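Chemist: Output the structure for:
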Amino acid sequence: MVDYKILSRRTTIINQLGMHARPAAMIAKLAQSAEDDVWIGDGDNRADASSIIDILSLGCSKGYEVLLEAESEEDIPILDSIKELIETGFGEDVDE
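Modeler: Just a heads-up that it's a prediction; the model follows:
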């Protein structure tokens, strides 16, 4: 039996510009290397994390809490990498 808690991560968008094309592309690149599907969303709405357009459709601004989910245990390192990318502000300005 799979423990679904290990297949998800919560984090918050901290960069000033929120989720725009460059960060979405960074997430999609990581998600495309997954063995199975990886999702990003807010619990109610979710998007295919390997699709830049799907990610942008969420409209994630600074302060937006996101839920990252993987369908395979093998993709846990990818979830952790995406979470770290978000928590470091995608290398962008995070000051207020």
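
Chemist: Contacts for stretch 31-49 next, please.
Modeler: Here stretch 31-49 makes contact (Cβ atoms under 8 Å, 6 or more residues apart in numbering) with 27-28, 30, 50, 54-55, 57-58, 64-72, 74-75, 78-79, 82. (Each C-beta comes from the backbone N, C-alpha and C, glycine too.)

Chemist: Mind listing what's buried along that stretch?
Modeler: 31, 34, 38-41, 46-49 (16 or more other Cβ atoms under 10 Å).

Chemist: In these, find the pair that's most separated.
Modeler: Using Cβ to Cβ, those reach their maximum pairwise distance at Ala34 and Gly41, which is 15.7 Å.

Chemist: still on that earlier bit, export the buried residues of stretch 31-49 to CSV and tack on pLDDT?
Modeler: CSV is the format used below for those (pLDDT from 0 to 100):
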residue, pLDDT
Ala31, 98
Ala34, 97
Val38, 97
Trp39, 96
Ile40, 97
Gly41, 95
Arg46, 92
Ala47, 96
Asp48, 97
Ala49, 97
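
Chemist: and which of the residues you listed is nearest to Ile14?
Modeler: Scanning those for proximity to Ile14, where the rule is Cβ to Cβ, the winner is Ile40, at 15.2 Å.
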